[in-house]
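1. no sequence for this one, just the structure:
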């Protein structure tokens, strides 16, 4: 009984430490992510404008080959979505469609804050 209690306690401590350390991100884990601080300033501005509409499960995706050339960046969001994975799937799909005409080589990734 003591061993089971110790095991459960340790699992709880580990989960709590991941959740409070900032390692945990609100994503489904299906698509690659990029942290908000790693995206170019113009994309950060667009994200900030769209963030209030994201709700708990909305997602934004981006791809960029340059940190300063707007023609080498794409950004899209899925808002008013009820399922996290569906929002991510739609955002990634639109990102892939948007990057082709601009000939962007970078992978589309979900923005995590």
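-> Arrived safely. In this text, all values refer to a predicted model and were calculated from it rather than measured experimentally.

2. count of neighbours near residue 60?
-> 26 (other Cβ atoms under 10 Å). In this view, the C-beta of every residue, glycine as well, is placed from N, C-alpha and C.

3. now swap in residue 52 and tell me
-> For residue 52, the neighbour count with other Cβ under 10 Å is 9.

4. who are the contact partners of residue 50?
-> 60, 77, 79 (Cβ atoms under 8 Å, 6 or more residues apart in numbering).

5. and the next helix or strand past the helix or strand of the chain with the lowest mean pLDDT?
-> Confidence across the helices and strands of the chain bottoms out at helix 2-20, with a mean of 39, counting by mean pLDDT, DSSP states H and E. Of the helices and strands lying after helix 2-20 in sequence (DSSP states H and E), the nearest is strand 33-35.

6. list the buried residues in that following strand.
-> Buried residues in strand 33-35, counting neighbours by 16 or more other Cβ atoms under 10 Å, are found at 33, 34.

7. show residues contacting that strand.
-> 25, 27, 62, 109, 110, 111, 112, 113.
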